[in-house]
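# can't give you the sequence, but here's the structure:
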DNA sequence: TAACATAAACCGACCGGACGGTATAGTTTG
DNA sequence: CAAACTATACCGTCCGGTCGGTTTATGTTA
């Protein structure tokens, strides 16, 4: 078996899971439903991901990989580079089907332990963020605001309207770029 | 039936549900488990809350009531009063068993629609926050940072250490108090 | 190239357990 | 007794995971 073939099935499965999560909610991710969405049988899915835990952690891993990739696309010498990357990740996910946060929620609800890779990633990022600046509290406020935005989108909480939201993001960007 | 009796049973049930959510995760809130934790039978619980939806929405309602009460305890003439109340809610929930956010997560996973009361409440709060200040973006950044803190605690995400966290909260308080 | 061997990829019936909800019988209290 | 409330047996459904079997891809040998 060429590994590309396997990756393709895996990717198809993961994106099916994301599609279901976005369309019907994180709680509706079941093995059968994902298999059907991905166009294969339950057995076939379980061949690729032997347990549901494996499926969910695969989902999270894929999201984290995408996140990391986007972080690295931020110009090398940008001040508060990591922070900026986080913000862009959130903003970008508005136009993409499926979403890191959705996977997080699905994962956390079924088994909090699965979030450990995310915790590790965030610990790294936080370390970089704090070492990128001398204004730790300022950076942290921006960081939490970004996370807040994540969950606002995820849970469809009110955002004060599109233009308010625009101005907030503008302000956030300014705050980040002014960090030293 | 004396209403106090009913309220007591109801409260016992809800706090049992919170206890389970905090101890074992939001996904472990089942009717049987909650009944056992509350010291009554499944039938007894279903007499008080005829469906699981009712239980969850009761949980959310109780949390929202507590939140609102705490909001009102903030001095009448404090600038950015609502925002300050939100922050205190988050900080206080560190010392209380059970937690608004946990209920939110449990609710969202099972039925996103149940979050509607929360959305309404937040819409109100956002309106007050924006009318309390002339610096809308600044207020919103603080608002999202507070929400971010909520979810950091909920998902046990890293926070950069206790002292960093302390300083961030300090900064956040300063930001809020400086709003006009 | 035909015949066979081997293993990867996949299928889908089935099982067992969990859970939400019902029905009903029992118990307490006024 | 009646109303309020509790307890428990039970049902239907859903879901995760198993398992035996089938197809498909890849050699291998004569």
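The structure has been received and is ready for your questions. Small disclaimer: the values here were computed from a predicted structure and weren't measured.
# residue of chain A nearest DNA strand C, please.
Per CB to the nearest atom of the strand, residue A:43 is where chain A lies closest to DNA strand C, at 2.2 Å. Any C-beta I mention is one placed from the backbone N, CA and C, and that applies to glycine too.
# how many residues are close by residue A:15?
When neighbours are defined as other CB atoms under 10 Å in any protein chain shown, residue A:15 has 17 of them.
# what number of residues lie near the residue of chain A closest to DNA strand C?
Neighbours around residue A:43, by other CB under 10 Å: 9.
# repeat that for the one 5 residues further on.
Taking other CB under 10 Å as the neighbour definition, residue A:48 ends up with a count of 18.
# I figured it hits residue A:12, correct?
No - using CB atoms under 8 Å, residue A:48 is not in contact with residue A:12, being 9.2 Å away.
# ok, which stretches of chain A are helices?
Ranges of helices within chain A are A:3-24, A:31-38, A:42-48, A:52-72, A:81-92, A:100-110, A:116-132, A:136-154, A:162-177, based on DSSP state H.
# roughly how far apart are residue A:83 and residue B:58?
Here residue A:83 is placed at a distance of 40 Å from residue B:58 (CB to CB, to the nearest Å).
# now do residue A:101, the pLDDT please.
For residue A:101, the model assigns a pLDDT of 67.
# same question for residue A:96.
At residue A:96, the pLDDT value in this model is 62.
# and the residue lying closest to residue A:171 once chain neighbours are set aside, what is it in contact with?
Excluding its sequence neighbours, the residue lying closest to residue A:171 (CB to CB, 6 or more residues apart in numbering or on different chains) is residue B:137, at 3.7 Å. In this structure, residue B:137 makes contact with A:167-168, A:170-171, judged by CB atoms under 8 Å, 6 or more residues apart in numbering or on different chains.
# in CSV: those, plus pLDDT.
Shown next, in CSV, are the contacts of residue B:137 (pLDDT from 0 to 100):
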residue, pLDDT
A:167, 95
A:168, 95
A:170, 95
A:171, 96
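# please identify which of those residues is nearest to residue A:148.
Nearest to residue A:148 among the contacts of residue B:137, counting by CB to CB, is residue A:168 at 10.2 Å.
# what about the closest one, how many neighbours?
22.
# same check, this time on the one 4 residues further on
Residue A:172 is flanked by 25 other residues according to other CB under 10 Å.
# right, and it touches residue A:86 too?
No - using CB under 8 Å, residue A:172 is not in contact with residue A:86; the gap is 10.4 Å.
# what residues are shared contacts of the two?
Taking CB under 8 Å, 6+ apart as the criterion, residue A:172 and residue A:86 both touch residue A:146.
# re the thing from before, who's more crowded, residue A:83 and residue B:58?
Neighbour count, other CB under 10 Å: between residue A:83 and residue B:58, residue A:83 has more, with 29 against 18.
# just to revisit the earlier point, which of the contacts of residue B:137 are close to DNA strand D?
Among the contacts of residue B:137, none lies close to DNA strand D by the criterion of CB under 7 Å from any atom of the strand.
# may I ask which of those has the most neighbours?
For the contacts of residue B:137, the largest number of neighbours (other CB under 10 Å) sits with residue A:168, at 22 neighbours.
# where's it relative to residue A:132, distance?
22 Å.
# if we can go back for a sec, okay, the contacts of residue B:137 in a markdown table with distance to residue A:120 next?
A markdown table is the format used below for the contacts of residue B:137 (distance: CB to CB, whole Å):
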| residue | distance to residue A:120 |
| --- | --- |
| A:167 | 34 |
| A:168 | 29 |
| A:170 | 32 |
| A:171 | 30 |
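# and which of these is nearest residue B:64?
Looking across the contacts of residue B:137 and measuring by CB to CB, the closest to residue B:64 is residue A:168, at 24.1 Å.
# can you pull the contacts of that closest one?
Applying CB under 8 Å, 6+ apart, we find residue A:168 in contact with A:160, B:136-137, B:140-141, B:144.
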